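Undergrad: Next input, structure requested:
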Amino acid sequence: MSGQQPIRSVRLKEWKFPNYWEESVASFVSGQAVVQRLRQLLDECDLGDAEGTAFLLEDDQGNELQVYCSTADWSVAFYPTNGTPLITHERKSAGGTKPFLIPEWTEVERRHLIDAEKAAKIVVAWVESGTLTDDVEWGK
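TA: Next up is the predicted model:
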């Protein structure tokens, strides 16, 4: 079995609605399973006036990937244990913000939003390999 990467385990942390501070944690090894669960949870959320919600993924090294999800657009922020945090940064000229419930109201700048499918690919790659894709532009 030499040459094979060890299986990563990633925990998905979500906040239970409407008890916003009640956290639920589940472990995953498949990136597709994580994306499927994010989409399911997004569909189940009663967001009220929010346009989206967010979930936190944490690997066994303590690195975190925060995923902001809405119907059309997502944003992904990476918080490494060692290094500089990064966030998707493709729409540089987009102005304004979009409200997300994470579990508090948070305004995410629209320049950080990307297509949900692109974001899903980032999540899959990170869950399965621990690396960020270069399919999108990353910024601070």
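Undergrad: Mind listing residues that contact the helix or strand bottoming out on mean pLDDT in the chain?
TA: Ranked by mean pLDDT, DSSP states H and E, the weakest helix or strand in the chain is strand 22-28, scoring a mean of 73. Residues from elsewhere that reach strand 22-28 (Cβ atoms under 8 Å, 6 or more residues apart in numbering): 9-16, 34, 37, 127. Bear in mind the C-beta positions are built from the backbone N, C-alpha and C, glycine included.
Undergrad: Parallel or antiparallel, which strands does that strand pair with?
TA: Note on strand 22-28: by DSSP bridges, its sheet partners are strand 10-16 (antiparallel).
Undergrad: Tell me how many other residues crowd the residue nearest to A120 when sequence neighbours are not counted.
TA: Distances taken as Cβ to Cβ, 6 or more residues apart in numbering put V35 closest to A120, at 4.6 Å, once the chain neighbours are dropped. Neighbour count for V35, taken as other Cβ atoms under 10 Å: 22.
Undergrad: V35: what secondary structure?
TA: With DSSP: H, G, I helix; E, B strand; the rest coil as the basis, V35 sits in helix.
Undergrad: For the chain, just list every one of the strands.
TA: 10-16, 22-28, 52-59, 64-70, 73-79, 86-88, 97-101, 105-109, 114-115, 138-139 (DSSP state E).
Undergrad: which one of the ones you listed lies closest to L42?
TA: strand 64-70 (4.8 Å; Cβ to Cβ).
Undergrad: Need the strands of the chain in a markdown table (columns: distance to L42).
TA: Output for these, formatted as a markdown table (distance: least, Cβ to Cβ, whole Å):
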| stretch | distance to L42 |
| --- | --- |
| strand 10-16 | 10 |
| strand 22-28 | 15 |
| strand 52-59 | 7 |
| strand 64-70 | 5 |
| strand 73-79 | 9 |
| strand 86-88 | 17 |
| strand 97-101 | 11 |
| strand 105-109 | 15 |
| strand 114-115 | 15 |
| strand 138-139 | 23 |
